[in-house]
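Student: no FASTA, just this:
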């Protein structure tokens with residue numbers, strides 16, 4: 001079975017007159033396969049966030065329980081993204097991504113069929129175990145995409161191309177909300193009890209369809225298709241050089257210690273990522289529950305707001321990447337600081353929604369949309385560029401390991417600990433204080449992004 005995932009060997013070069021046409025075609029297919037594949041992973045990641053308000057209303061779980069169960073995905077994903085990163089650097093990215101997506105979809109779909117009881121403790125434990133498994137499988141998404149983007153796109157085009165690609169998770173998360181609205185409505189019309197179960201079943205089924213497309217579209221490296229390296233094809237040999245040959249497995253010690261753990265800037269970027277992720281998930285994942293519990297929005301309205309928050313992130317990510325390429329020569333720290341400053345403004349508005357509604361006479365839901373659109377538009381650019389910073393500081397054949405390490409900090413500290421467990425516990429006592437923690441997180445994110453400015457001076 002281990003040999004099944006081995007990276008394909010380089011093939012003899014195609015005739016020179018065919019290389020340009022095939023390279024352009026394959027880059028488009030790989031980009032779309034990576035884009036839709038990673039988007040599909042987000043159809044089977046945040047389903048509990050959309051179902052939680054109805055589950056709380058039925059007495060199946062409480063907010064603290066939701067935070068604990070949801071943290072399982074983040075905890076497992078944090079370690080999995082790191083471990084899978086090292087494995088993906090030694091594997092066929094096509095097989096790695098597709099197999100993980102198929103199994104993750106089936107596992108998340110199974111939540112829609114679980115026999116929940118009146119005992120909250122049992123329900124939380126059951127959800128925690130399943131979500132832990134989902135988190136492990138989710139780690140098979142980003143690293144192979146990072147590997148393919150590093151091999152198929154050269155250094156001086158990667159910040160913009162990866163910003164385009166990185167909108168995939170906002171598109172995926174936004175589509176999750178739309179599919180959830182459709183599925184819950186469909187189940188209700190069919191008279192199915194506990195129609196909230198559609199939040200798990202319908203998006204997972206759609207993800208399986210996308211997995212089939214990924215298997216058709218993706219390929220590991222240009223060399224495995226009989227093409228030259230992208231650096232040779234585009235005559236772009238900038239960036240950190242890869243010492244080993246394509247298809248050669250890099251020793252784990254070299255990947256982890258020499259390229260990642262001994263790099264002080266990777267550590268700084270990882271810490272900045274933690275607070276970017278705290279705000280990303282602290283606002284996004286809790287918004288449906290917050291908006292329904294406070295009566296600001298209905299269940300359908302809160303899912304729509306969740307989707308819009310993610311969809312505008314796609315536009316913001318592209319613009320952030322364009323700003324990086326156009327004005328900062330591919331550097332990531334300056335646009336991160338600018339966009340995180342706007343996120344801070346959005347978090348202050350989100351925190352002060354009740355006071356703003358009372359002071360201005362403008363409905364609270366309008367202020368919520370203003371805040372969620374501003375935060376969504378601005379947060380996902382830094383999410384993308386922080387990871388690109390890490391990729392730019394290591395050789396290509398350590399890209400998955402670096403991405404996994406930075407992701408470990410983002411998901412373990414920023415998401416599971418800060419945004420899930422701590423914010424969930426605070427929200428049980430006060431939504432006002434829970435939302436204030438997002439203001440603190442955004443401010444710390446700006447500070448830490450500023451500290452990474454020096455890392456890009458020599459690139």
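Tutor: Yep, that arrived. On a predicted model such as this, the values are computed, not experimentally measured, just so you know. Residues are numbered from 1 along each chain as shown.
Student: Using the three-state scheme, assign the residue nearest the centre of the chain.
Tutor: With distances taken as C-alpha atoms, centre = their mean, residue 169 lies nearest the centre of the chain, 5.3 Å away. Following DSSP: H, G, I helix; E, B strand; the rest coil, we place residue 169 in the helix state.
Student: nearest residue to it other than its sequence neighbours?
Tutor: The shortest distance from residue 169 to any non-neighbouring residue, by C-beta to C-beta, 6 or more residues apart in numbering, is to residue 42 (5.1 Å). For glycine as for every other residue, the C-beta is placed from the backbone atoms N, C-alpha and C.
Student: Show the contacting residues for that neighbour.
Tutor: By C-beta atoms under 8 Å, 6 or more residues apart in numbering, the contact set of residue 42 is 168-169, 172-173, 175-176.
Student: For these, point out the one with the lowest pLDDT.
Tutor: Within these, residue 169 has the lowest pLDDT, namely 83.
Student: if we can go back for a sec, what separation do you get for the residue nearest to residue 169 and residue 438?
Tutor: Here the criterion is C-beta to C-beta, to the nearest Å. By it, residue 42 lies 21 Å from residue 438.
Student: try residue 148
Tutor: Residue 148 is 33 Å from residue 438, by C-beta to C-beta.
Student: buried ones in the helix or strand hosting residue 427?
Tutor: Per DSSP states H and E: residue 427 is located in helix 423-429. Going by neighbour count (16 or more other C-beta atoms under 10 Å), the buried part of helix 423-429 is 423-424, 426-427.
Student: What average pLDDT does that helix get?
Tutor: So the average pLDDT for helix 423-429 ends up being 87.
Student: Ramachandran coordinates for the residue nearest to residue 169?
Tutor: phi -80, psi -10 (degrees, to the nearest 10).
Student: With residue 140 instead?
Tutor: The phi/psi pair for residue 140 (degrees, to the nearest 10) is phi -90, psi 10.
Student: And for it, the neighbour number?
Tutor: Residues lying near residue 140 (other C-beta atoms under 10 Å) number 26.
Student: right, and it touches residue 94 too?
Tutor: No. Using C-beta atoms under 8 Å, residue 140 is not in contact with residue 94; the gap is 11.8 Å.
Student: Now for those two: what residues contact both?
Tutor: Common neighbours of residue 140 and residue 94 (C-beta under 8 Å, 6+ apart) do not exist.
Student: Where does pLDDT dip in the protein?
Tutor: Within the chain, the ranges that satisfy pLDDT under 70 run 1-2, 159, 237-259, 396-397, 399-400, 457-459.
Student: mind listing what's buried in the helix or strand hosting residue 203?
Tutor: In the assignment (DSSP H and E), residue 203 maps to helix 198-217. By 16+ other C-beta under 10 Å, the buried positions in helix 198-217 come out as 198-204, 206-208, 210-211, 213-215, 217.
Student: where does residue 61 land in three-state SS?
Tutor: coil.
Student: Next, count neighbours for it.
Tutor: 22.
Student: Now for it: which residues touch it?
Tutor: 52, 55, 69, 120, 123-124, 127.
Student: can I get these in a markdown table with distance to residue 271, neighbour count and secondary structure?
Tutor: Output for these, formatted as a markdown table (distance: C-beta to C-beta, whole Å; neighbours: other C-beta atoms under 10 Å; DSSP: H, G, I helix; E, B strand; the rest coil):
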| residue | distance to residue 271 | neighbour count | secondary structure |
| --- | --- | --- | --- |
| 52 | 29 | 27 | helix |
| 55 | 34 | 24 | helix |
| 69 | 27 | 25 | helix |
| 120 | 35 | 17 | helix |
| 123 | 35 | 21 | helix |
| 124 | 30 | 20 | helix |
| 127 | 30 | 25 | helix |
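Student: Out of those residues, which two are the most distant from each other?
Tutor: 52 and 120 (12.6 Å; C-beta to C-beta).
Student: Was I right to think residue 275 contacts residue 448?
Tutor: Yes. At 6.1 Å, residue 275 counts as touching residue 448 under the criterion of C-beta under 8 Å.
Student: neighbour-wise, which of these two wins?
Tutor: Of the pair residue 275 and residue 448, residue 275 is the one with more neighbours under other C-beta under 10 Å, namely 27 against 22.
Student: what's the burial count for the closest residue to that one other than its chain neighbours?
Tutor: Excluding its sequence neighbours, the residue lying closest to residue 275 (C-beta to C-beta, 6+ apart) is residue 445, at 3.8 Å. Residue 445 has 31 neighbours, counted by other C-beta under 10 Å.
Student: Show me what the helix or strand where residue 445 lies is packed against.
Tutor: Per DSSP H and E, residue 445 falls inside helix 431-451. With contacts taken as 3 or more C-beta pairs under 8 Å, 6 or more residues apart in numbering; DSSP states H and E, helix 431-451 sits against helix 264-284, helix 287-293, helix 333-351, helix 364-392, helix 423-429.
Student: And it, what's buried?
Tutor: So for helix 431-451, counting by 16+ other C-beta under 10 Å, buried means 431, 434-439, 441-446, 448-449.
Student: List the contacts of that helix.
Tutor: Contacts of helix 431-451 (C-beta under 8 Å, 6+ apart): 268, 271-272, 275-276, 278-279, 282-283, 286, 290, 293-294, 333, 336-337, 340-341, 343-344, 347-348, 350-351, 354, 382, 386, 418, 422-423, 426-427.
Student: What subset of the residues you listed is buried?
Tutor: 268, 271-272, 275-276, 278-279, 282-283, 286, 290, 293, 333, 336-337, 340, 343-344, 347-348, 350-351, 382, 386, 418, 422-423, 426-427.
Student: just the buried residues of helix 423-429 now: which is nearest residue 299?
Tutor: residue 427 (17.6 Å).
Student: What distance do you get for the closest one to residue 420?
Tutor: For residue 427 relative to residue 420 (C-beta to C-beta), the value is 10 Å.
Student: intersection of neighbour lists for these two?
Tutor: By C-beta under 8 Å, 6+ apart, the residues touching both residue 427 and residue 420 are residue 67.
Student: Regarding the residue nearest to residue 12 when sequence neighbours are not counted, what are the backbone dihedral angles?
Tutor: Leaving aside its chain neighbours, residue 12 sits nearest to residue 226 (6.1 Å; criterion: C-beta to C-beta, 6+ apart). Phi and psi for residue 226, reported as degrees, to the nearest 10, are phi 80, psi 30.
Student: Would you confirm that residue 226 contacts residue 9?
Tutor: No. If you go by C-beta under 8 Å, residue 226 and residue 9 don't touch, sitting 11.1 Å apart.
Student: Between these two, point out the one with more neighbours.
Tutor: residue 226 (16 against 11).
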